[in-house]
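Student: quick one, structure for this:
(one chain, ligands or ions: 2)
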Amino acid sequence: MNEAAFSHDEREYTLSDVSVVMGTYNEEAAIGTVLEDVATVTDGAAEVVCVDGSNDRTPEIARAEGARVIEQEPQGYGVAVREAVLAASRPVVITADCDDTYPMEQVPDFLALVNEGYDVVSGDRLYYGADAMPAFNRLGNHAFALFASALVGERVHDTTTGMRAYRRSLIHEIDWTENTGLSAELLLRPLLREYTVRELPIEYDERRGETKLDPIEGGAAIAKSILTVSLEERLRNAGVDVRLG
Ligand SMILES: Nc1nc2c(ncn2[C@@H]2O[C@H](COP(=O)(O)OP(=O)(O)O)[C@@H](O)[C@H]2O)c(=O)[nH]1
Ligand SMILES: [Mg+2]
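Tutor: Ligands and ions are numbered 1, 2, ... in the order given. The predicted model follows:
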């Protein structure tokens, strides 16, 4: 990983400088807990943005918990999460899934690393073993990380995690093209553009409600995204600006 430059001469960010953003699609079983956890850990100071495609009670619950809800026809993970990161109004943007798998209590740890100078802080679910993850997904995620490591030329451990912190300026400096593979893209393009990136081990819990991702179809799309964005960025670094996807 690139070392943080520690040269950002911005002020120290606090929890009121954080936007927690997520795509939400029929997550009524989880959203109450997730947003309560965010409110507790941030003392209600963070902005919460949900880009929602649900036809259940998810958006009502989100609004009742104080979230800003942006309605969007369901078009996949990346379409929703791109909209969500772009809609964030605070200088530090933290993504999560709305399925109660990610540790909201670690939001301050992500923020602390941004304050240390990192542009991207990526939650590494595999570090602690991710026992709650279906075995097929866990194997796939290890394989994606090895594949991506080979393509970017440095070791990354979890390329498809849903929980990361980003300096908001970075989000607006890069064009995002991927849908199911957006999570990998949000890690790999910054890495290959010499932004400062580091992984942070996180716990990963069992999901509430049903997954929205088909592991086979989704896995193939993610592998293609990893290849495409890595090659595009390497060509860009060589002075060739092309879209391969
Ligand atoms: N708005 C919206 N959210 C989505 C869509 N697809 C997935 N999501 C949300 O994106 C997050 C990740 O999806 P999830 O099912 O947890 O994927 P998994 O972690 O791979 O099982 C969850 O919060 C979903 O509700 C979509 O088409 N539209
Ligand atoms: Mg999930």
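Student: any idea which helix or strand carries residue 148?
Tutor: For residue 148, the host element (DSSP states H and E) is helix 135-152.
Student: got the residues of the protein near ligand 1?
Tutor: 22-25, 27, 51-53, 72, 74-77, 80, 97-99, 162, 211-213 (CB under 6 Å from any ligand atom). Where you see a C-beta, it was placed from the backbone N, CA and C, and this is true even at glycine.
Student: of those, just the buried ones, ChimeraX syntax please.
Tutor: To isolate the buried ones among the residues of the chain next to ligand 1 in ChimeraX, judged by 16 or more other CB atoms under 10 Å, type:
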select :22,23,24,25,27,51,52,53,72,76,77,80,97,98,99,162,212
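Student: near ligand 2 too, which of the residues of the chain next to ligand 1?
Tutor: Restricting these to those near ligand 2 by CB under 5 Å from the ion leaves 97, 99.
Student: check contacts around the closest residue to residue 181 other than its chain neighbours.
Tutor: Using CB to CB, 6 or more residues apart in numbering and skipping the chain neighbours, the partner closest in space to residue 181 is residue 225 (2.3 Å). With contact set as CB atoms under 8 Å, 6 or more residues apart in numbering, residue 225 has these partners: 178, 180, 181, 182, 184, 185, 245.
Student: cutoff 6 Å now
Tutor: With contact taken as CB atoms under 6 Å, 6 or more residues apart in numbering, residue 225 is in contact with 178, 181, 184, 185.
Student: which ones among those are found in helices?
Tutor: Of the contacts of residue 225, the ones assigned to helices by DSSP state H are 184, 185.
Student: could you identify the most distant pair in the contacts of residue 225?
Tutor: Spanning the widest gap among the contacts of residue 225 are 178 and 184, at 7.2 Å by CB to CB.
Student: that older thread, is the residue nearest to residue 181 in a helix, a strand, or coil?
Tutor: helix (DSSP: H, G, I helix; E, B strand; the rest coil).
Student: next one: it from residue 80, what distance?
Tutor: According to CB to CB, to the nearest Å, residue 225 and residue 80 sit 16 Å apart.
Student: phi, psi of the residue lying closest to residue 48 once chain neighbours are set aside?
Tutor: In space, and not counting its chain neighbours, residue 48 is closest to residue 67: 4.1 Å by CB to CB, 6+ apart. Dihedral pair for residue 67: phi -80, psi 150, per degrees, to the nearest 10.
Student: for residue 67, give its distance to ligand 1.
Tutor: Distance, residue 67 to ligand 1, by CB to the nearest ligand atom, to the nearest Å: 13 Å.
Student: please verify my assumption that that residue contacts residue 47.
Tutor: No - contact between residue 67 and residue 47 fails when scored by CB atoms under 6 Å: they sit 8.6 Å apart.
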